[in-house]
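**Q** Quick one, structure for this:
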Amino acid sequence: MHPMLNTAVKAARRAASIINRATFDLDRIQVTEKRHNDFVTEVDQAAEQAIIEVLKTAYPDHAILAEESGASSNLHDENENVWIIDPLDGTTNFIHGFPQYCVSIALQQRGQITQAVIYDPTRNDLFTATKGAGAYLNEKRIRVGRRDRMADALIGTGFPFRDMAGLDEYLQMFKVMTEKTAGLRRPGAAALDLAYVAAGRLDGFFEKGLQTWDMAAGSLLVTEAGGIVGNFSGDSDYLYKGNVIAGSPKIFAQMVNLLSPFAK
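**A** Numbering: from 1, shown residues only. From the prediction side, this is the model:
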């Protein structure tokens, strides 16, 4: 395992231990609403600090972009190494005891994601990838699914939950995709959904309005597993625009064809 990836795994496991301890007494967790339907807990914050501590101890000069604490002071100093962190993707699931959430850590070097870790503490599923070296689940190589027809495909997605202005458009997309696929699923943790695409558990995934930390690690997992990730037009600026489609090459192409009318 690449040394930087090994450090990211250590950080993810450290965060997961904090998350797992908190599950024994969910009723006592302090929850704050950052904005409408967007929650943060003391667990998110503690897990993020644990991740940053591990990463900064190993790589003190690296920059940080994290969901809760934001960007480190050296992020805009043309830093070649940026760790992109979501300490607890699926916070709403977590505070309800719904077991679908994860820790997500990615390393961006010179604008490219080169290392990725997504860890599901409820199932002890560790997804890892190094650029050019493949994607793995618990140290076993994974590949995207082999289905090549949308009619047979199981697709993941996410509903609008902060800005309801996009709900009508989403319902249109929901109708289009429901008519063309074997089914849609909305588990509620985009990073884990992307990991599932990489592992072939989902044939594809699409969502609008995501943040960089929701997609960074999962996007590398998908591409290293033989899939494609892009925006609703099929272009590669999804990390910064927030609209993403992921899937095996044939499913990706069909999803872009169906969803490109919603690209704006």
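
**Q** hang on, Phe86 packs against Val103?
**A** One thing to correct before we go on: residue 86 is Asp, not Phe. Yes: counting by C-beta atoms under 8 Å, Asp86 does reach Val103; the two are 7.3 Å apart. (Glycine included, C-beta is placed from N, CA and C.)

**Q** Now Val82: which helix or strand?
**A** strand 81-89 (DSSP states H and E).

**Q** where does Ile105 land in three-state SS?
**A** strand (DSSP: H, G, I helix; E, B strand; the rest coil).

**Q** With the one 10 residues further on instead?
**A** Following three-state DSSP, we place Gln115 in the strand state.

**Q** what's the weakest-modelled helix or strand in the chain?
**A** strand 38-41 (a mean of 62; mean pLDDT, DSSP states H and E).

**Q** Poorly predicted segments of the chain, please.
**A** Within the chain, the stretches with pLDDT under 70 are 33-40, 77-78, 160-164.

**Q** That one: helices as residue ranges?
**A** With helices called from DSSP state H, the chain shows them at 3-22, 42-58, 91-95, 167-180, 190-199, 212-224, 238-241, 249-259.

**Q** which ones are touching the residue nearest to Lys250 when sequence neighbours are not counted?
**A** Once flanking residues are discounted, Lys250 sits nearest to Asp148: 4.1 Å by C-beta to C-beta, 6 or more residues apart in numbering. For Asp148, the contact set (C-beta atoms under 8 Å, 6 or more residues apart in numbering) comprises 248, 250-251.

**Q** Which of those ranks first by neighbour count?
**A** Ile251 (29 neighbours; other C-beta atoms under 10 Å).

**Q** Now do the contacts for it.
**A** Here Ile251 is in contact with 145, 147-148, 150, 153, 203-204 (C-beta under 8 Å, 6+ apart).

**Q** and stretch 53-70, which residues are buried?
**A** For stretch 53-70, the neighbour count (16 or more other C-beta atoms under 10 Å) marks 54-55, 59, 62-68 as buried.

**Q** Now do it: distance to the chain's middle.
**A** 18 Å (C-alpha atoms, centre = their mean, to the nearest Å).

**Q** Distance check, the residue nearest to Tyr136 when sequence neighbours are not counted against Ala106.
**A** Closest residue to Tyr136 apart from its sequence neighbours, by C-beta to C-beta, 6+ apart: Thr128 at 5.0 Å. From Thr128 over to Ala106 the distance is 11 Å, taken as C-beta to C-beta, to the nearest Å.

**Q** Then Leu88?
**A** Leu88 is 15 Å from Ala106, where distance means C-beta to C-beta.

**Q** wait, what's in contact with the spatially most central residue of the chain?
**A** In the chain, the centroid-proximal residue (C-alpha atoms, centre = their mean) is Ala191; its distance is 1.8 Å. The neighbours of Ala191, taking C-beta under 8 Å, 6+ apart as the test, are 86, 89, 102, 104, 118, 213-215, 217-218.

**Q** Which pair of those spans the longest distance?
**A** Put simply, by C-beta to C-beta the two of these set farthest apart are Cys102 and Met215, 13.0 Å from each other.

**Q** The two - which one has more neighbours?
**A** Using other C-beta under 10 Å as the criterion, Cys102 and Met215 rank with Cys102 on top: 32 against 29.

**Q** Please name the bridge partners of that one.
**A** Asp89 (DSSP bridges).
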